[in-house]
Every structure is written in structure tokens, then in C-alpha cells.
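In: Sharing a model that was predicted from the sequence below.
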Amino acid sequence: MRIISGKFKGRRISAPSNITARPTTDFAKEGLFNLLNNRIDFEDIDVLDLFAGTGGISLEFISRGCNSSTSIEINERHCSFIRKTCKELDVNNLNLIKSDVFTFINNCHVKFDSIFADPPYQLESLEQIPDLIFKNNLLKPSGLFILEHSAKNDFSSHPNFDAHRKYGNVNFTFFTHK
């Protein structure tokens, strides 16, 4: 896994073998952030990274100058790896919260400029995530919610659907306030 752009551009981050997360591929992450470059001013935004895994998406946002990233991850091994990586990179604006994502969503009272979620593709409640984000009002009015998922999910009929992109086997659906 590598950081695509920004102050940590080209930096490789190798997750240990005991990490069970499925990091977003470099190919998909590069495609996603090329698209986001035209939609988001990265500086001074606050990002929420749900199912943070290795922290790669949060670090990509931070590398590009975001104000802060709040990363939600329940697995302690993954949290330890994110903490270790932040220490190595001297990152102090990544707020790591060890929590179940659904508990966090239902108890959070903060709004974010950008929200990224990369749940396990086989997660039974994956299709509920967009509704929960908007029901709990976590996205600022001009914000963007990005959900990574497999090809079996289709969110095109969701009332907050904005766009869909596919990079290899990785699908991203974008949601905005309507």
C-alpha cells in the first residue's frame, strides 16, 4: 500500500500479515483521488473514515492537507497498526476511535465534510450505511459520502445517489445531500 499524493507521496506502508483488513487497492485509490481532486478542496476539511482498516484512506486525505481525519476501527490489531504508522509519519491530526461503526454512527453528533466507508464486502448491513449517514445527519450540507463496495451492490436508486465509479473490482458510490 502506498500514499498516492501530497506530503507523504510515494511512501509505502506495509501492513503486517496479521492484519485482516482488505485495503483499497492502489489502482482504485488513485482513481478515486483523481476524481476527488476535481470535487474537493482537501485543505481545511474534516474527514470521517469508517471501517478504517489500515488507515490508508485517512492517511491519503491527511497527506493532501485535510484538517483532520476521524478513523473508526473496531479491530485492535488494526488500531495498533494505524497508531504505529501515525507515529512513524509524525501524523497528529488522525483521531483514531476504537469502536463499532454502527454504534459510532448512531451516537455521533459531529458533521463531516467528507465521509468514506469501506465495510467488509460481505457485511449484511452494508446497504443500510447510506441511510444511517443521512438519518444521523453526519454529512455537512455541501459534503460528499463515498461508499466502497462490490459489484453486487447497486445504490443508483438511493435518494442521495450522486455517482458511481468502478476501478477493477472496486466500486465507489458517491452520495450528496439533495
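Out: Nice, I can see it.
In: Next, give phi and psi for Lys98.
Out: Torsion angles at Lys98 (phi, psi; degrees, to the nearest 10) stand at phi -80, psi 110.
In: Tell me who's in contact with it.
Out: Neighbour list for Lys98: 73-74, 76, 79 [criterion: Cβ atoms under 8 Å, 6 or more residues apart in numbering]. C-beta here means a position set from N, CA and C on the backbone, and glycine is covered the same way.
In: do that again at 10 Å, thanks
Out: Applying Cβ atoms under 10 Å, 6 or more residues apart in numbering, we find Lys98 in contact with 52, 71-76, 78-80, 82, 104.
In: Gly56 now?
Out: 1-4, 13, 15, 21, 23-26, 29, 49, 82, 85, 118.
In: on that earlier part again, out of the contacts of Lys98, give me the one that has the most neighbours.
Out: Ala52 (30 neighbours; other Cβ atoms under 10 Å).
In: Which helix runs longest in the protein?
Out: Longest among the helix segments of the chain by residue count, using DSSP state H, is helix 76-89.
In: Show me what it is packed up against.
Out: With contacts taken as 3 or more Cβ pairs under 10 Å, 6 or more residues apart in numbering; DSSP states H and E, helix 76-89 sits against helix 56-63, strand 68-73, strand 94-98.
In: got the angle for that helix vs strand 68-73?
Out: Orientation note: helix 76-89 sits at an angle of 150 degrees relative to strand 68-73 (axes from the mean of the first three to the mean of the last three Cα atoms, to 10 degrees).
In: could I get helix 76-89 in PDB with only the CA atoms?
Out: C-alpha atoms of helix 76-89 as PDB (Å, rounded to 0.1, in the frame of the first residue of the first chain):
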ATOM      1  CA  GLU A  76      -7.300  -3.700  18.000                       C
ATOM      2  CA  ARG A  77      -4.600  -5.100  15.700                       C
ATOM      3  CA  HIS A  78      -5.700  -2.700  13.000                       C
ATOM      4  CA  CYS A  79      -5.800   0.200  15.500                       C
ATOM      5  CA  SER A  80      -2.300  -0.700  16.700                       C
ATOM      6  CA  PHE A  81      -1.000  -0.600  13.100                       C
ATOM      7  CA  ILE A  82      -2.700   2.800  12.500                       C
ATOM      8  CA  ARG A  83      -1.200   4.200  15.700                       C
ATOM      9  CA  LYS A  84       2.300   2.900  14.700                       C
ATOM     10  CA  THR A  85       2.000   4.400  11.200                       C
ATOM     11  CA  CYS A  86       0.900   7.700  12.500                       C
ATOM     12  CA  LYS A  87       3.900   7.800  14.900                       C
ATOM     13  CA  GLU A  88       6.300   6.900  12.100                       C
ATOM     14  CA  LEU A  89       4.900   9.600   9.800                       C
END
